[in-house]
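**Student:** just a sequence and a predicted model for now, questions to come.
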Amino acid sequence: MLFDTHAHLNADQFDEDVEEVIERAQNVGVSHIVVIGFDRKTIDKAMQLANTYPFIYAAVGWHPVDAIDMTDEDLQMIEELAAHPKVVALGEMGLDYYWDKSPKDIQQDVFRKQIALAKRVKLPIIIHNRDATEDIVTILKEENAAEVGGIMHCYSGSVEIAQQCVEMNFYISLGGPVTFKNAKKPKEVARDIPIEKLLIETDCPYLTPHPHRGKRNEPAYVKLVAEQIAELKGLSLKEVANITSQNAKKVFNIN
């Protein structure tokens with residue numbers, strides 16, 4: 001039983017064969033998938049998938065790269081969708097200082113607004129962080145995001161920051177990079193953070209795990225992430241699959 005907590009099956013890369021991709025995931029034991037919507041188009045597609053497949057859920061939010069495009073109507077739409085029974089989290093949201101489409105102050109404002117919304121609708125949040133760790137941690141603390149908690153998606157930072165996030169009621173989610181030979185930090189995090197605080201994800205179609213690097217990622221490959229964590233922790237694949245699935249059900253409040 002594997003739970004892919006972060007997939008973009010709503011990406012254009014899956015337009016031609018999404019049904020086959022979902023079937024392959026089920027064939028390797030993926031029992032749940034959360035599809036992330038982060039702008040109007042991807043939110044619509046995430047909701048369509050969640051409404052079609054009983055084991056697919058949706059998260060809705062606004063991506064920091066596109067923060068400059070977010071309107072009050074978009075925030076209202078996210079708030080309305082938060083009441084949908086298949087919407088299990090808000091996000092992905094956060095800060096991205098790698099791309100410079102949206103100024104930092106606008107990104108921070110949109111991030112804070114979404115945290116406030118999550119607290120109103122009582123849903124966990126999924127955090128996107130690129131080159132912005134210090135500001136992310138500061139905002140999570142200032143906005144008391146611990147009240148709803150959530151997920152540090154595709155975590156690539158240090159063990160020390162991961163521990164701070166765990167103290168703030170966040171789970172640490174690992175994806176394909178933990179399987180890369182030279183990925184020192186994700187491997188350290190996989191070893192040092194308790195399995196009860198870890199989640200697994202693909203972030204497909206991106207960040208494809210070894211040995212499929214360079215190809216399109218898909219939810220079936222979440223098994224490779226689980227296998228790597230099992231190896232690093234000295235656990236069985238079954239233990240990692242079961243515990244991370246229970247963790248995901250807990251954070252997303254899925255019975």
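**Tutor:** Looks like it arrived, so ask away. Numbering: from 1, shown residues only.
**Student:** centre of the chain to stretch 155-173, how far?
**Tutor:** Relative to its chain's centre, stretch 155-173 lies at 13 Å (Cα atoms, centre = their mean, to the nearest Å).
**Student:** who touches that stretch?
**Tutor:** Taking Cβ atoms under 8 Å, 6 or more residues apart in numbering as the criterion, the residues outside stretch 155-173 that touch it are 5-6, 127, 129, 133, 137, 140-141, 145-154, 174, 177, 185-186, 188-189, 192-193, 197-201, 247, 251. From N, CA and C alone the C-beta is placed, and that goes for glycine too.
**Student:** then the longest helix anywhere in the chain to CSV, C-alphas only?
**Tutor:** The helix of greatest length in the chain, counted in residues with DSSP state H as the criterion, is given as helix 104-121. C-alpha atoms of helix 104-121 as CSV (Å, rounded to 0.1, in the frame of the first residue of the first chain):
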residue,chain,number,x,y,z
LYS,A,104,9.3,38.4,-3.3
ASP,A,105,6.9,40.7,-1.4
ILE,A,106,3.9,39.6,-3.6
GLN,A,107,4.9,35.9,-3.1
GLN,A,108,5.0,36.5,0.7
ASP,A,109,1.7,38.2,0.7
VAL,A,110,0.0,35.5,-1.3
PHE,A,111,1.6,32.8,0.9
ARG,A,112,0.3,34.5,4.1
LYS,A,113,-3.2,34.9,2.7
GLN,A,114,-3.3,31.2,1.9
ILE,A,115,-2.1,30.2,5.4
ALA,A,116,-4.8,32.4,6.9
LEU,A,117,-7.4,30.7,4.6
ALA,A,118,-6.2,27.2,5.6
LYS,A,119,-6.7,28.1,9.2
ARG,A,120,-10.2,29.3,8.4
VAL,A,121,-11.2,26.2,6.5
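**Student:** average pLDDT for that helix?
**Tutor:** The average pLDDT for helix 104-121 rounds to 98.
**Student:** buried ones in it?
**Tutor:** Taking 16 or more other Cβ atoms under 10 Å as the neighbour-count basis, helix 104-121 is seen to contain the buried residues Q107, Q108, V110, F111, K113, Q114, I115, L117, A118, K119.
**Student:** one more: stretch 203-210?
**Tutor:** Within stretch 203-210, the residues scored as buried using 16+ other Cβ under 10 Å are D203, C204, P205, L207, T208, P209.
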